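A.B. asks: got a structure for you, letters missing:
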């Protein structure tokens, strides 16, 4: 379906509600106030409550789950194993990420072409 000039391809915009993050904040607020809200056994808040209990008892996987939902996943950096073939790339999102990946691939391919040309001359 084509759009008219000036018409958004995503009229609803980004999703504004984040149920998991909201449930985490609700459970943390309840814990700060020293209360435990009654919630259904099979609900998102009960699942979050259990993850919080696990995190408080030292479960690092539960802590990581909660931290990633509240603060986002950390940026990933890719690094090669040798100095001359090292790839250092910080990926964000969208066109910036695409441009960085294409730039690194172009650099690698030009180095491979130069290496192949040097070997054929010998």
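C.D. replies: Looks like it arrived, so ask away. Remember, it's a predicted structure, so these values are computed and weren't measured experimentally.

A.B. asks: State the helix or strand in which the most centrally placed residue in the chain lies.
C.D. replies: Against the mean C-alpha coordinate of the chain, by Cα atoms, centre = their mean, the closest residue is residue 73 at 4.1 Å. According to DSSP states H and E, residue 73 maps onto no helix or strand at all.

A.B. asks: Phi first, then psi, for it.
C.D. replies: For residue 73, the backbone dihedrals are phi -70, psi 150 (criterion: degrees, to the nearest 10).

A.B. asks: OK, contacts around it?
C.D. replies: Not one residue lies near residue 73 by Cβ atoms under 8 Å, 6 or more residues apart in numbering. For the C-beta atoms, the positions are set from N, CA and C on the backbone; glycine is no exception.

A.B. asks: now it: how far from residue 22?
C.D. replies: Distance, residue 73 to residue 22, by Cβ to Cβ, to the nearest Å: 18 Å.

A.B. asks: likewise residue 8?
C.D. replies: 26 Å.

A.B. asks: out of those two, which sits in the busier spot?
C.D. replies: It is residue 22, of residue 8 and residue 22, that has more neighbours when counted by other Cβ atoms under 10 Å, with 13 against 8.

A.B. asks: three-state assignment of the more buried one?
C.D. replies: helix (DSSP: H, G, I helix; E, B strand; the rest coil).

A.B. asks: For the residue lying closest to residue 21 once chain neighbours are set aside, report the pLDDT, please.
C.D. replies: Excluding the flanking residues, the one nearest residue 21 by Cβ to Cβ, 6 or more residues apart in numbering is residue 69, at 5.5 Å. On pLDDT, residue 69 comes in at 88.

A.B. asks: Please, where are all the strands along the protein?
C.D. replies: 77-78, 89-90 (DSSP state E).

A.B. asks: Could you pull up the mean pLDDT of the last one?
C.D. replies: Strand 89-90 shows a mean pLDDT of 62 in the predicted model.

A.B. asks: just stretch 30-39 next, same as before
C.D. replies: In this model, stretch 30-39 has an average pLDDT of 90.

A.B. asks: Just the endpoints, please. Distance across that stretch?
C.D. replies: 12 Å (Cα to Cα, to the nearest Å).
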